[in-house]
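Have a look at this prediction, sequence included:
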Amino acid sequence: MSNRFIICDPDKCLGCQICEFACSADKGKSCDPLSSCIRVVNLEPQASMAIACVLCEKAPCVASCPTKALLKTERGTIEVEEEKCNGCKWCIAACKFGAITLDPSKNAVSICDLCDDDPKCVKLCPFEAIFYATAEEAMPKLRWSAIGQLLQELRSTP
C-alpha cells in the first residue's frame, strides 16, 4: 500500500487554483474546478491551502457510504463507483479533512486517486506549494518552511 499522498505547504500556496484546473483537465477533460479532486481552501488574508485525500488507514468515508460506492484499493486510494453513488454526501460529512467533493455534472463524489503515482496538480503548481510524498519525507520541508516564517516574523517584530 502506498503511503505517499499530496501535501500542501500553506506558506507557498497562493490560492491560484492551477492545481484544480490541472486535475479537472486530466480527470474530467474539462477546465471546470468544480470537477476537480483537489480543492483550494482560502483562509484569507492569512493563507491558502490545497487539500486532497490523505489516504486514511480506516477511511471513514468508505464506512459511511450507504450505497457501498466507495472502495479502498490495495494502493490505499479510494475508488468511487459512480453508478452506485447517489450524491447523498455522507462521505463528504465523514471526511474530517474536507478532501471529498461532489461533482455536480455527475451527481457523484470525486476523490483524488493520485493519478497513478504521477499527480498532475503537483507537476503544474507554479509555486511548488504541493508535493507528492510520505509524511516522513514532507516533515523536513514543512519544518524548514515554518522556521523560515517564524524567523521572518521575528525580524519584523519591533
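Yep, that arrived.

Every contact and neighbour count from this point should use C-alpha atoms.
Noted.

Let me see the ranges of the strands in this protein.
For the chain, the strands defined by DSSP state E occupy 5-8, 39-43, 47-51, 70-72, 78-80, 101-103, 108-110, 130-133.

got a list of contacts for the third one?
With Cα atoms under 8 Å, 6 or more residues apart in numbering as the contact definition, strand 47-51 has outside contacts at 6-11, 13-15, 19, 38-42, 97-99, 130.

Drop anything exposed from those residues.
For the contacts of strand 47-51, a neighbour count by 16 or more other Cα atoms under 10 Å gives the buried set as 6-11, 13-15, 19, 38-42, 98-99, 130.

about what we covered before: adding distance to E57 and mean pLDDT, write the strands of the chain out as a markdown table.
Output for those, formatted as a markdown table (distance: least, Cα to Cα, whole Å; pLDDT from 0 to 100):
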| stretch | distance to E57 | mean pLDDT |
| --- | --- | --- |
| strand 5-8 | 12 | 91 |
| strand 39-43 | 21 | 88 |
| strand 47-51 | 17 | 89 |
| strand 70-72 | 9 | 96 |
| strand 78-80 | 11 | 95 |
| strand 101-103 | 20 | 90 |
| strand 108-110 | 19 | 93 |
| strand 130-133 | 16 | 91 |
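
any chance of these in CSV, plus distance to K123?
Listed next are the strands of the chain as CSV, based on distance: least, Cα to Cα, whole Å:
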stretch, distance to K123
strand 5-8, 11
strand 39-43, 16
strand 47-51, 14
strand 70-72, 25
strand 78-80, 22
strand 101-103, 22
strand 108-110, 20
strand 130-133, 8
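
closest one to C61 among the ones you listed?
Each of those has some distance to C61 by Cα to Cα; the shortest is strand 70-72, at 7.5 Å.

So which residues make contact with the closest one?
59, 61-62, 78-81.

what's the farthest-apart pair in these?
Maximum pairwise distance in these, criterion Cα to Cα, is 15.9 Å, between A59 and E81.

For those two, indicate the residue with more neighbours.
A59 (19 against 14; other Cα atoms under 10 Å).
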